[in-house]
Structures are given as structure tokens and as C-alpha cells.
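Enquirer: could you work out the structure for the sequence below:
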Amino acid sequence: MKKISFSISGRRFNVELDDDFAQYVLKKLFENNIFEDRDNDTPKFLGAYLKSLKENYQNDKRDSS
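Expert: A predicted model of the protein is given here:
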């Protein structure tokens, strides 16, 4: 397990994830200009969340074809 931390609009969040998944999450956060070492805006997280939902939607659609 790996603990990652990030800040959204002044609030700090700590989460513990499986090692491989934590690396994946950190990579995706970085790709969306969200960083562990600074405060991040809520719209950035919303954008990253919506991109992730779109990827899941496309994968689900592809898998059900």
C-alpha cells in the first residue's frame, strides 16, 4: 500500500492505495496538472474526474460490443 496526498482548494486529503494503482493515479493526476506538492483548484479535479468517466464509458461501450 502507498499513501498519496493532495490538496484541493486548501483542504489536504490523504489516501492509501495499492502500489500499482497509486502509481497510475499519480501519473493521471500529473497529466492533468494536479500535483502533490501544491494546492490545486477544484475545476482541475473535476476535469480529471470527467476525463476518467469518459474513458470508463468508452471502455464499457467497447466491451459490450
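Enquirer: CA only for contacts and neighbour counts going forward, please
Expert: Will do.
Enquirer: what lies in contact with the helix or strand hosting Gln23?
Expert: If you go by DSSP states H and E, Gln23 is part of helix 19-31. For helix 19-31, contacts defined as CA atoms under 8 Å, 6 or more residues apart in numbering pick out 1-4, 16, 35, 48.
Enquirer: just the buried ones from these?
Expert: Among those, those buried by neighbour count (16 or more other CA atoms under 10 Å) are 35, 48.
Enquirer: which of the contacts of helix 19-31 fall in strands?
Expert: 2-4, 16 (DSSP state E).
Enquirer: hmm, which two among the contacts of helix 19-31 are most spread apart?
Expert: Met1 and Ala48 (22.9 Å; CA to CA).
Enquirer: send me stretch 49-65 as CSV with only the CA atoms.
Expert: C-alpha atoms of stretch 49-65 as CSV (Å, rounded to 0.1, in the frame of the first residue of the first chain):
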residue,chain,number,x,y,z
TYR,A,49,-12.8,13.1,-13.0
LEU,A,50,-14.8,13.7,-16.1
LYS,A,51,-11.9,12.5,-18.4
SER,A,52,-11.8,9.4,-16.3
LEU,A,53,-15.5,8.8,-16.6
LYS,A,54,-15.3,9.3,-20.3
GLU,A,55,-12.5,6.6,-20.5
ASN,A,56,-14.6,4.2,-18.5
TYR,A,57,-17.7,4.9,-20.6
GLN,A,58,-15.7,4.3,-23.8
ASN,A,59,-14.2,1.1,-22.4
ASP,A,60,-17.6,-0.2,-21.3
LYS,A,61,-19.1,0.6,-24.7
ARG,A,62,-16.2,-1.2,-26.4
ASP,A,63,-16.5,-4.2,-24.1
SER,A,64,-20.3,-4.5,-24.6
SER,A,65,-20.0,-4.5,-28.5
